[in-house]
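Asks: here is a sequence together with a model predicted from it:
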Amino acid sequence: MRTGTLTVNPDTPESYIVELAEGEVLQIGRKPASGGIKKLVLPYPEVSGQHSEIRCKTEGWTIIDAGSTNGTMLNGGRLTPGKEYHLHSGDRVKIAQYELLVNPPEFDHPNQDNDNDDSQDRTQFRIQMMNATILVGDIKGFTSLMEDHATQPMLVMEAAQKVFDNLNDEINKNYGQLEKIAGDAIMAYWQGNDAKSGGGLSACQACFTALKLKILTLKLAADKKVWPFENHPLMLDMALATGPVASGNLGSNASNPALLGDTANLVFRLEKLIGDDRPGDVIVEGATYELAKDNFKFDFLGQFNVKGRQKPVDVYRLIAPLS
């Protein structure tokens, strides 16, 4: 009997392996199953009681989202509830903050045509449209820091990596998904939906996380083991924007989907509006403000002309949660 494995949260200290045999069905969800049913329990609020299941068939493994509230992601694409998707070695399943690395046994495919059809199926969900609140954070004065330590670039990059590792951990704890870390910037997102309530949840999660990142950055700045540059205090400028984006994996083995579209462009341009006189600010545009204004205090900064936009953009400073 052929067996394969499912690695939960790979490449982390909390990683563990679930072994699956041919013919088994693995249920995945927040609540334990009744006797005789094999279940992977993920005890987190965003995981549904019966979230999804993996079927270990003779001809290959498949996964089905069981109508979960917050969805199941496969290689960055959201699964359609009730639809069966083929799994391949190296595929990554995302459920809330949990990541599952798939390693099924090798299967013999009857003919090349089926392989081609399966490959076509697999690429269908590598690019999808979704609504999201995107956060971009940028280390203030990073260019001048690199210039001052031109002979020690590794020292600067190692410090930045420690900072971003801590920020990413906080993002994951608050239901966010890392998009990328590039030089002195970090980009993450919270996926919503078309409904105002769903969009409001992701926007509020992103705002709440941004404020927690601001506090965390101050703690990291005071830790000489993390940030040893006395003449360059650690400050993180952050911007948030909400709207439609295209999400897709650039490369078949990419674990984090790239976000493309006007909203992704806007959030980077918003972050550049933060002046040297306001280091560490968190700013948002109008859509995020409208979704989160009942739960957070904002200051209106005014309307700004942003490259690529025909009309001025309303910009707000995120202050604190409302009591």
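Replies: Alright, I've got the coordinates.
Asks: phi, psi for K225 please.
Replies: When quoted as degrees, to the nearest 10, the phi and psi of K225 stand at phi -70, psi -20.
Asks: swap in M157?
Replies: phi -70, psi -40.
Asks: list the contacts for it?
Replies: Neighbouring residues of M157 by Cβ atoms under 8 Å, 6 or more residues apart in numbering: there are none. To be clear about C-beta, it is placed using only N, CA and C from the backbone, and glycine gets the same treatment.
Asks: switch to 10 Å and redo it
Replies: With contact taken as Cβ atoms under 10 Å, 6 or more residues apart in numbering, M157 is in contact with 146, 149, 183-184.
Asks: ranking the residues you listed by neighbours, who comes first?
Replies: D184 (20 neighbours; other Cβ atoms under 10 Å).
Asks: you'd agree that residue is up against V136?
Replies: No: checked against Cβ atoms under 10 Å, the pair D184 and V136 is beyond contact range at 11.0 Å.
Asks: what ranges do the helices span in the stretch 51-200 of the chain?
Replies: For the stretch 51-200 of the chain, the helices defined by DSSP state H, counting those that start in this stretch cover 112-124, 142-148, 153-173, 196-221.
Asks: quickly, which of these bottoms out on average pLDDT?
Replies: Ranked on mean pLDDT, the bottom entry among the helices of the stretch 51-200 of the chain is helix 112-124, at a mean of 44.
Asks: from L155, how far off is the residue lying closest to F229 once chain neighbours are set aside?
Replies: Spatial nearest neighbour of F229, excluding adjacent residues (Cβ to Cβ, 6 or more residues apart in numbering): L145 at 6.3 Å. Here the criterion is Cβ to Cβ, to the nearest Å. By it, L145 lies 10 Å from L155.
Asks: shared neighbours, these two?
Replies: With contacts defined as Cβ under 10 Å, 6+ apart, the residues shared by L145 and L155 are F229.
Asks: what's the distance between the residue nearest to F229 and E19?
Replies: The span separating L145 from E19 equals 47 Å under the rule Cβ to Cβ.
Asks: neighbour count: these two, which is higher?
Replies: Counted by other Cβ under 10 Å, L145 and E19 do not tie: L145 has more neighbours, with 19 against 9.
Asks: show me the contacts for the more buried one.
Replies: For L145, the contacting residues are 139, 155-156, 159-160, 184, 229, 231-232, 234, by Cβ under 10 Å, 6+ apart.
Asks: mind putting those in JSON lines, distance to S48 included?
Replies: Compiled in JSON lines, the contacts of L145 are given as follows (distance: Cβ to Cβ, whole Å):
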{"residue": "I139", "distance to S48": "37"}
{"residue": "L155", "distance to S48": "46"}
{"residue": "V156", "distance to S48": "43"}
{"residue": "A159", "distance to S48": "40"}
{"residue": "A160", "distance to S48": "37"}
{"residue": "D184", "distance to S48": "38"}
{"residue": "F229", "distance to S48": "45"}
{"residue": "N231", "distance to S48": "50"}
{"residue": "H232", "distance to S48": "45"}
{"residue": "L234", "distance to S48": "39"}
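Asks: out of those, which are buried?
Replies: Under a neighbour-count criterion of 16 or more other Cβ atoms under 10 Å, the subset of those counted as buried comprises 139, 156, 159-160, 184, 229, 232, 234.
Asks: can you say which two of those residues are spatially most distant?
Replies: Checked with Cβ to Cβ, those reach their widest spread between D184 and F229, with 13.0 Å between them.
Asks: now for L178: which residues touch it?
Replies: Contacts were defined as Cβ under 10 Å, 6+ apart; by that measure L178 touches 164, 167-168, 171-172, 186-189, 255-256.
Asks: and of those, the nearest to G200?
Replies: Y189 (15.3 Å).
Asks: the closest one reaches I171, doesn't it?
Replies: Yes: at 9.4 Å, Y189 counts as touching I171 under the criterion of Cβ under 10 Å.
Asks: the two - which one has more neighbours?
Replies: Neighbours per residue, other Cβ under 10 Å: of Y189 and I171, the larger number sits with Y189, 28 against 25.
Asks: tell me the pLDDT of that one.
Replies: In this model, Y189 is scored at 93, pLDDT.
Asks: equivalent analysis for S15, please.
Replies: Looking at S15, its pLDDT reads 88.
Asks: what's the answer for S252, then?
Replies: Here the pLDDT value assigned to S252 is 44.
Asks: check the gap between the spatially most central residue of the chain and S68 for me.
Replies: The residue at the geometric middle of the chain, judged as the C-alpha nearest the mean C-alpha position with Cα atoms, centre = their mean, is Q177 (1.0 Å). Here the distance between Q177 and S68 works out to 16 Å (Cβ to Cβ).
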